[in-house]
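Enquirer: Quick one, what's the 3D model for this:
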Amino acid sequence: MITKTYGSAVQGVNAYTITIEVAVSQGTNFFVVGLPDNAIKESQQRIEAAMRVRGYHMPRTKVVVNMAPADIRKEGSAYDLPIALGILHASQQISTDTLGQYIIMGELALDGELRPVKGVLPIAIQARKEGFKAFVLPKQNAAEAAIVNNLDVIPVETMQQAIDFFEGRQHIEPVKIDTRDVFQHSANQYAADFADVQGQENIKRAMEIAAAGGHNVIMIGPPGAGKTMLAKRLPSILPPLSMHEALETTKIHSVAGKLGANSSLLNTRPFRSPHHTISDVALVGGGGNPQPGEISLAHNGVLFLDELPEFKRTVLEVMRQPLEERRVTISRAKVSIDYPANFMLIASMNPCPCGYYNHPDKECVCGPGVVQRYLNKVSGPLLDRIDLHVEVTPVTFDQMTETRRAESSASIQERVDKARKVQAERFKDFPDIHSNAMMPSQMVKDICQINPAGRTLLKTAMERLGLSARAYDRILKVSRTIADLAGSDEIRIEHLAEAIQYRSLDREGWAG
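Expert: Alright, predicted model coming up:
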């Protein structure tokens, strides 16, 4: 007898329906075909143990499990449940005619309990698209799948419960979640707030500009000046996630298995801060079984690289293309996978190995040329792709002991939101552009026009600082954002001057 059940395979951030055909016939041995990996081949042992515990048996005849289409590689243990149900039905140990109406996923423990799986959200989206009646899955994943409306999500805790459901002995109420209600009640709630930061008003201003235009920032200053503290508070002034952005971000975290048990929709912008020992594959994604890297997990949020020169140079260089294209492509011999990577890069670094070059009070003990060699660990092409270079100075005692509370993130965010609405109107005819930082070069020429006085100022800056064409574009984009924050339709000379001062690392002789 041949039985068909349906599962799903995830490639990139999209899912593809897999037909699992089980044939029980005369003969011996258990075969799984259709490009399964070792985890699927080992499922026989888990399935057999779970069947025995629940009072069923593995057929002592020939069992062939075919996973179609056979040219797509299937990976992971999430196919245990659909394979087990297919074997039980094909061997006539259970009786139901509804298996083919459901997408079924779940990893089996040896006692028949179900363990959670990865990639549930894209699977649920694809199941709805293809018109399946419902999605049967482990209870721990139900809240995540229930984000998708117009699809019943059936949570089960054991293989026996799934069997009882299909045979009609147990009714399981589908999980229902009011996605918009959950999203609106807990969106944009952050523990950190700019009100906790005393002093550093110039850095806060740079952060506000970065948030308003989606610009990348590098902060350079001595240890203890507040670089990490400021970076961690940046998400609190970014505009709240839209529903589309939240779904897009949740899909990536679902595929990577980064959502906690019983989690549903991500409603705050991600903040990723990898250690400087990270590999290039872990940062951009990939591996034998391609997974999204840190730059994709930071999609629609912030990627913070602390102590930038301590990262391996190869790791930093692989970011150059994703910073421009806002996506990363993982290419293999038989497959090419795209992961979105639209993130804001926030980096911090000390000015030298000892950390006190240009410090107002402490003396730098680094030898001649050491400062420049340290700065050269960060390549010019990468610095070119960072819009704002900000020097961070230590906070004075008077600023630290100030009793008046600093401006809150909420009030800064109001100004950022206002500037983003101006940009949303500006780019309403361009669905792939949402902020000034995303403008291509041709659009910069049309939108960021400057008057003759501004051109003279910019020409002087270009000649003295030796700026590249990319840096020229970055200055214009930042000045457009500053004008948006000021409510100005045109870029005035003071907007341009402020944008130019954020190119400190381009100055000749900055490091002596």
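Enquirer: where does the stretch 351-500 of the chain dip in pLDDT?
Expert: For the stretch 351-500 of the chain, the stretches with pLDDT under 70 are 400.
Enquirer: which residues in it form strands?
Expert: In the stretch 351-500 of the chain, the segments counted as strands under DSSP state E, counting those that start in this stretch are 388-391.
Enquirer: the helices in it, which residues?
Expert: Along the stretch 351-500 of the chain, the segments classed as helices by DSSP state H, counting those that start in this stretch run 370-375, 380-384, 397-400, 409-426, 441-447, 452-465, 469-485, 493-501.
Enquirer: starting at the chain centroid, how far to the third one?
Expert: Here helix 397-400 shows a centroid-to-chain-centroid distance of 37 Å under the convention Cα atoms, centre = their mean, to the nearest Å.
Enquirer: what packs against it?
Expert: Helices and strands touching helix 397-400, as assessed by 3 or more Cβ pairs under 8 Å, 6 or more residues apart in numbering; DSSP states H and E, are absent. Placement of C-beta: from N, CA and C, glycine included.
Enquirer: outside of it, which residues touch it?
Expert: 198-199 (Cβ atoms under 8 Å, 6 or more residues apart in numbering).
Enquirer: about what we covered before: save the helices of the stretch 351-500 of the chain as JSON lines, and put in distance to residue 152 and mean neighbour count too.
Expert: Formatted as JSON lines, those follow (distance: least, Cβ to Cβ, whole Å; neighbours: other Cβ atoms under 10 Å):
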{"stretch": "helix 370-375", "distance to residue 152": "58", "mean neighbour count": "17"}
{"stretch": "helix 380-384", "distance to residue 152": "48", "mean neighbour count": "17"}
{"stretch": "helix 397-400", "distance to residue 152": "57", "mean neighbour count": "10"}
{"stretch": "helix 409-426", "distance to residue 152": "36", "mean neighbour count": "17"}
{"stretch": "helix 441-447", "distance to residue 152": "45", "mean neighbour count": "13"}
{"stretch": "helix 452-465", "distance to residue 152": "60", "mean neighbour count": "14"}
{"stretch": "helix 469-485", "distance to residue 152": "45", "mean neighbour count": "23"}
{"stretch": "helix 493-501", "distance to residue 152": "53", "mean neighbour count": "19"}
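Enquirer: Any idea which helix or strand in this protein has the lowest mean pLDDT?
Expert: helix 179-186 (a mean of 67; mean pLDDT, DSSP states H and E).
Enquirer: hey, where'd the strands end up in the stretch 51-200 of the chain?
Expert: 62-68, 102-104, 107-108, 114-115, 134-138, 152-156.
Enquirer: mind listing what the last one pairs with, with the direction of each?
Expert: Based on DSSP bridges, the strands next to strand 152-156 in the sheet, each with its direction, are strand 134-138 (parallel).
Enquirer: Dump the partner strand to CSV, restricted to CA.
Expert: Provided in CSV are the C-alpha atoms of strand 134-138 (Å, rounded to 0.1, in the frame of the first residue of the first chain):
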residue,chain,number,x,y,z
ALA,A,134,-4.1,22.9,8.3
PHE,A,135,-0.6,22.6,9.7
VAL,A,136,0.1,19.9,12.3
LEU,A,137,3.2,20.7,14.3
PRO,A,138,4.8,20.6,17.8
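Enquirer: Pull the distance from it to the chain's centre.
Expert: Using Cα atoms, centre = their mean, the offset of strand 134-138 from its chain centre is 25 Å.
Enquirer: what comes into contact with it?
Expert: Against strand 134-138 from outside (Cβ under 8 Å, 6+ apart): 81, 101-107, 114-117, 120, 123-124, 127, 145, 151-157, 162, 165, 174.
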